[in-house]
Structure formats: structure tokens, C-alpha cells
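Enquirer: just need the structure, nothing else, for what follows:
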Amino acid sequence: MKKIVFLLAVMAVVFGCATKEDRPEVPADKATARFEILEHKGTVFGTDTPDWVIKSLDGSAALEALPEYEGKYVIVAEQTGSDLTAVQRWVTNFVAASEFSRRVSLRVEQYFSGALAGDLDDAASYLEEVVNTLSAARFSGVSQEADWWVRVRWFDEKGKVEREEYRVLVLMTIAKDTLDEQVAQAIEDADTDAELNDNEQKVRDLVQQGRFM
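Expert: Purely as a prediction, here's the structure:
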């Protein structure tokens, strides 16, 4: 199974090696698009793709702006597979809490890479400790709200069929207040024996305030 990736990286996939067999040509408009959706979870029932799937293309901030997710952090995980059974099995075995921990630690790291800018090196060791602490944490209150799969056909630059694959998305949410409190507590429980410099203290203070998300 392929590694879970952020939805914003959906187009940055590695194409499989072409075989020597001739593959069918496709119309120019499809070749330009480079892919087409053949079916999805709601096809059989005539159900449209839900708004959260469409909005997720613009990232978590776009999802969190929707009325139904007010006051929540939203994260979407993705997996790809060669057949529907494989991706459905991945959803069945998916552990939302573990994935949320990984995403939270990543967002903290990304936030401080920008917030500290040139001072990042001065707090690198402490930031690494923070990230590792959050990666190991298990946050309660995470809800796995929905999932959606699509069957996609990809084309090469000449318009020939490259491959077909299934992609599945899992929508996870948690109340902002709930996560902020747990993150602050996780950092509070971290080893603080060493004296912190100004930038390390800034990292600690901002994380405890829940300002990174």
C-alpha cells in the first residue's frame, strides 16, 4: 500500500512504467485533463460527490470554513490502491487517532518553520522534542466522520491510457478547544529540566496557546 499523502499532493503521483503493448488513444480534451473519474462511491445510487471532498482540494482551511465544521479542526487522509477491495480494507483498518497525532505534529513543525524564520536553528532541538512528543500522543475526541472513494483513469502526455487506480479519502474532525487543551497538556508533560532559551520558550508558549493550528 502506498504511503498516505496530503490531498494537496494528489497530482504529484509517480506514473507507472509503460508496457510495450499498444494502449487506446483518448480524445484530446481527456488527454489535456490527464485523468478522468470513471465512478465513485455514490455512482450506483446516483449520489453526488459530497462538498467536503470537493473542498478538501483547497486544504483543511477551506473545510474548516464550512458551517458544519465550525469550531473544529479538519484533516483528510488519502490512500490509493489497484482495486476497490484494497482501499476499502484500508478504511476498515484506519486508526483516526494515530493519523491525527501524525498530522498535528506536522502542522506544529510547519507553523514554527515560518513563525521563527531565521531563529529556527536556535530552537531546533526543542522543536524536535515538541514534534516527537506530539507524534507519540494519542488525542481523544477524534471523530472519523466520513469516507469517499473514486476510480480514476490516468493518461500519459500523448493521450494514451496510463493506468487506473482507486483513491479513498477519510474525513476526520476534532473540536478545536479539545485538541488545543490536549496539545498544551502534552507539551506540559514533556521533559522541561533543561533551561530554555528565548526562542525555545517562544515555541513552548505558542504551542500551549494552541496558536499553531
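Enquirer: check contacts around Leu84.
Expert: Contacts for Leu84 (CB atoms under 8 Å, 6 or more residues apart in numbering) come out as 149, 151, 166. C-beta: built from backbone N, CA, C; applies to glycine.
Enquirer: now the second one: how far from Val76?
Expert: Distance of Arg151 to Val76, computed by CB to CB, to the nearest Å: 18 Å.
Enquirer: the longest strand in this protein is where?
Expert: strand 161-175 (DSSP state E).
Enquirer: thinking again about what came up before, which one's more surrounded, Arg151 and Val76?
Expert: Val76 (23 against 18; other CB atoms under 10 Å).
Enquirer: got the phi and psi for the nearest residue to Ala137 once chain neighbours are set aside?
Expert: Counting by CB to CB, 6 or more residues apart in numbering, Ala137 lies nearest to Ala186, which is 4.6 Å off, once chain neighbours are set aside. Main-chain dihedrals, Ala186, degrees, to the nearest 10: phi -60, psi -40.
Enquirer: Ala186 and Asn132 touch, don't they?
Expert: No. The criterion here is CB atoms under 8 Å, and Ala186 misses it with Asn132 at 10.6 Å.
Enquirer: between those two, who's got more neighbours?
Expert: Neighbours were tallied for Ala186 and for Asn132 using other CB under 10 Å; the higher tally belongs to Ala186 (21 against 12).
Enquirer: okay, that one: pLDDT?
Expert: pLDDT, Ala186: 75.
Enquirer: now for the nearest residue to Glu109 once chain neighbours are set aside: which residues touch it?
Expert: Computed as CB to CB, 6+ apart, the closest residue to Glu109 that is not its neighbour in sequence is Val131, at 5.1 Å. By CB under 8 Å, 6+ apart, the contact list for Val131 reads 105, 108-109.
Enquirer: got the CA positions of stretch 96-111 in CSV?
Expert: The C-alpha trace of stretch 96-111 is given here as CSV (Å, rounded to 0.1, in the frame of the first residue of the first chain):
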residue,chain,number,x,y,z
ALA,A,96,-8.0,8.0,13.1
ALA,A,97,-6.3,8.9,16.4
SER,A,98,-2.9,7.7,15.2
GLU,A,99,-3.2,9.6,11.9
PHE,A,100,-4.3,12.7,13.8
SER,A,101,-1.3,12.6,16.0
ARG,A,102,1.0,12.5,13.0
ARG,A,103,-0.8,15.4,11.3
VAL,A,104,-0.8,17.5,14.4
SER,A,105,2.9,17.1,14.9
LEU,A,106,3.4,18.0,11.2
ARG,A,107,1.3,21.1,11.4
VAL,A,108,3.2,22.3,14.5
GLU,A,109,6.5,21.8,12.7
GLN,A,110,5.3,23.7,9.6
TYR,A,111,3.9,26.5,11.7
